[in-house]
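Peer 1: sequence plus the predicted model coming up.
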Amino acid sequence: MAMPISSGEARAAFTSLIRFPRLALAVSGGADSMALLHLVTRWRAEDVLKQEVTVLTVDHGLRASSREEAAMVARMAASLGLPHAILTWTRDERYSGGLQERARAGRYDLMAAYCQAHDIPALVTAHHLDDQAETFLMRLKRGSGLDGLAAIPEESAWSGIAVLRPLLDIPKARLAATLTEAGITWVEDPSNRDPRFERARMRACGDALAKLGLTPEALARSAGRLRRAQAALDHAADKFLAEQGAMSEAGYCLIAREALVALPAEISLRVLARAVNAVGGRDTPLRLAKLEALLASLIESPKAAHTLGGCRLHPVGEHLGIFRETRGIGLPTLLLAPGERALWDNRFRVELEASARAPVTVGALGETRWRDLRALAPWLDALPRFAGATLPACLAGESIVLPRLGLGSDADDEAVVSFRARFVNAPSTRRI
């Protein structure tokens, strides 16, 4: 018989949340996320620290009852005195994979965009130990490497928002027992038992695997040990980037090329993945086979240009330059109202001061405008061509307003001050 989660256990699990002044909880109405909502509410009532908490529910529209389920969460949040928002997902063909994979990416996009717009630095999800074990098995089946088998991390990021998973060590049965003890009902998602979906098939094999000793606890323990090895390799990659690379506030990266290719291949691949993901604004991991092919090409053809993950890579003197790619679907535009903030191109957090007279359209500066304006702005002239072309800029009629990035722009220029942009994928950037 599963035991409910005690106050002491919840308090220990939520230690990682204390450093954030505002939190968003991802709550679908299922047992896992309803338990998260209940435990966080109880924790806030018992502790001195009072983080601001907002509840987010994504309506995927995949079931007739989805809107009522979201409304049920809204009523629960209101009874607890917590603000709640329902975010509606429409299918997005930018993401490949099956329906569940696309829905997952869309869900995180919506919640991260809400957090960016409302100055919420962290999103908390209810992933638990059983999720960890199922993810390990699904990736083992695909022949994943170390990163894949390390499964679900306790903390990651999506679109510049920290994603925290404080319940990863807790079995699902204990979350349900916690709700039962508190008299809280929840929604059962039929897709959790639908054999068309891989995770449901893995879940159905749980009893058979447990008879072989492959319990969720054992599988999660293996994933945890692999994450420890992963952390060591990531530390080496971060150390190399700190010493041999530089990430600009303008959203591009330079890496000492000879030093990069001289590294052990596993570290080189991680360095490339970090830089490409940051500059390209990617939240989903790059395919290992594509990274391996890129590294081989860099070694064989050091003077050639390459593209991967929304980035253009080419030599810049003795460095490998990594810049945002402009071809393909192009860079997005968004409408920004006075006092509003948003995430542009999944790379820059942009903000228009409340004193601005009217909304503006934010889009890429573009190469032509970069050439025309660089003589007027020395900091812009100092940027490489591809970096300048892919900066966010306010496009208001015939006028163009450049962002203030901390790259030497004139703080006395009212136009510059009114529009700010921060490269969110490298919070510890050092100036190039």
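Peer 2: Yes, it's here.
Peer 1: residue 401 pairs with what?
Peer 2: Counting by DSSP bridges, residue 401 forms beta bridges with residue 394.
Peer 1: so it makes contact with residue 377?
Peer 2: No - using Cβ atoms under 8 Å, residue 401 makes no contact with residue 377, being 11.4 Å away. The way it works is simple: take the backbone N, C-alpha and C, and place the C-beta from them, glycine included.
Peer 1: need the strands for the stretch 201-350 of the chain, in chain order.
Peer 2: 245-247, 253-256, 306-308, 311-316, 319-324, 334-336, 341-344, 348-352 (DSSP state E, counting those that start in this stretch).
Peer 1: mean pLDDT and distance to residue 212 added to the ones you listed, as CSV?
Peer 2: Listed next are those as CSV, based on pLDDT from 0 to 100; distance: least, Cβ to Cβ, whole Å:
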stretch, mean pLDDT, distance to residue 212
strand 245-247, 91, 45
strand 253-256, 96, 45
strand 306-308, 94, 40
strand 311-316, 95, 44
strand 319-324, 96, 45
strand 334-336, 90, 52
strand 341-344, 90, 45
strand 348-352, 89, 48
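Peer 1: next, format those as a markdown table and append mean neighbour count and distance to residue 373.
Peer 2: Below are these laid out as a markdown table (neighbours: other Cβ atoms under 10 Å; distance: least, Cβ to Cβ, whole Å):
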| stretch | mean neighbour count | distance to residue 373 |
| --- | --- | --- |
| strand 245-247 | 22 | 23 |
| strand 253-256 | 22 | 23 |
| strand 306-308 | 17 | 26 |
| strand 311-316 | 19 | 21 |
| strand 319-324 | 24 | 18 |
| strand 334-336 | 15 | 20 |
| strand 341-344 | 20 | 18 |
| strand 348-352 | 22 | 18 |
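Peer 1: relative to residue 386, which of the ones you listed is closest?
Peer 2: strand 319-324 (3.7 Å; Cβ to Cβ).
Peer 1: who does that closest one pair up with?
Peer 2: With DSSP bridges as the test, strand 319-324 is paired with strand 253-256 (antiparallel), strand 311-316 (antiparallel).
Peer 1: make JSON lines from those strands and add distance to residue 344 to it.
Peer 2: As requested, the strands paired with strand 319-324 are arranged in JSON lines below (distance: least, Cβ to Cβ, whole Å):
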{"stretch": "strand 253-256", "distance to residue 344": "18"}
{"stretch": "strand 311-316", "distance to residue 344": "17"}
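Peer 1: looking at the ones you listed, which is nearest to residue 103?
Peer 2: strand 311-316 (26.4 Å).
Peer 1: got the contact list for the closest one?
Peer 2: For strand 311-316, contacts defined as Cβ atoms under 8 Å, 6 or more residues apart in numbering pick out 254, 257, 276, 279-280, 294, 298, 302-307, 320-326, 384, 386.
Peer 1: go on, stretch 142-149?
Peer 2: Under the contact criterion Cβ under 8 Å, 6+ apart, stretch 142-149 has outside partners 136, 139-140, 222-223, 226, 229-230, 233, 285, 288.
Peer 1: and which of those is nearest to residue 120?
Peer 2: Nearest to residue 120 among those: residue 285, at 24.3 Å, using Cβ to Cβ.
Peer 1: residues near that closest one, how many?
Peer 2: Residue 285 sits with 12 neighbouring residues when counted by other Cβ atoms under 10 Å.
Peer 1: before we move on, the earlier item: so which of the strands paired with strand 319-324 is nearest residue 196?
Peer 2: strand 311-316 (35.1 Å).
Peer 1: flag the shaky bits of the stretch 51-200 of the chain, pLDDT-wise.
Peer 2: Counting by pLDDT under 70, the stretch 51-200 of the chain has low-confidence residues at 62, 91-100, 190-191, 194.
Peer 1: how close does residue 164 sit to residue 349?
Peer 2: Going from residue 164 to residue 349 by Cβ to Cβ, to the nearest Å gives 19 Å.
Peer 1: the contacts of stretch 142-149, buried ones only, as a ChimeraX selection?
Peer 2: In ChimeraX syntax, the buried subset of those is picked out as below (16 or more other Cβ atoms under 10 Å):
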select :136,139,222,223,226,230,233
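Peer 1: narrow the contacts of stretch 142-149 to those in helices?
Peer 2: Judged by DSSP state H, these include 136, 139-140, 222-223, 226, 229-230, 233, 288 as members of helices.
Peer 1: buried ones in stretch 22-39?
Peer 2: 23-39.
Peer 1: that stretch: end-to-end distance?
Peer 2: Taking Cα to Cα, to the nearest Å, stretch 22-39 runs 16 Å from one end to the other.
Peer 1: check stretch 244-259 too.
Peer 2: Length of stretch 244-259, first residue to last, Cα to Cα: 7 Å.
Peer 1: tell me how far that stretch lies from the chain's centre.
Peer 2: Offset of stretch 244-259 from its chain centre (Cα atoms, centre = their mean, to the nearest Å): 21 Å.
Peer 1: what does it contact?
Peer 2: Applying Cβ under 8 Å, 6+ apart, the external contacts of stretch 244-259 come out as 240-241, 260, 271, 275, 278-279, 298, 302, 315-316, 318-324, 347-348, 383-384, 386-388, 390-391, 405-407, 422-423, 425-426, 429-432.
Peer 1: swap in stretch 332-351?
Peer 2: Outside stretch 332-351, the residues that touch it by Cβ under 8 Å, 6+ apart are 112-113, 116-117, 119, 159-160, 251, 279, 281-283, 324, 331, 352-364, 390, 392, 394-395, 403, 419-425.
Peer 1: in the longest strand along the chain, what counts as buried?
Peer 2: When the chain is parsed with DSSP state E, its longest strand is strand 52-59. For strand 52-59, a neighbour-count test (16+ other Cβ under 10 Å) marks 53-59 as buried.
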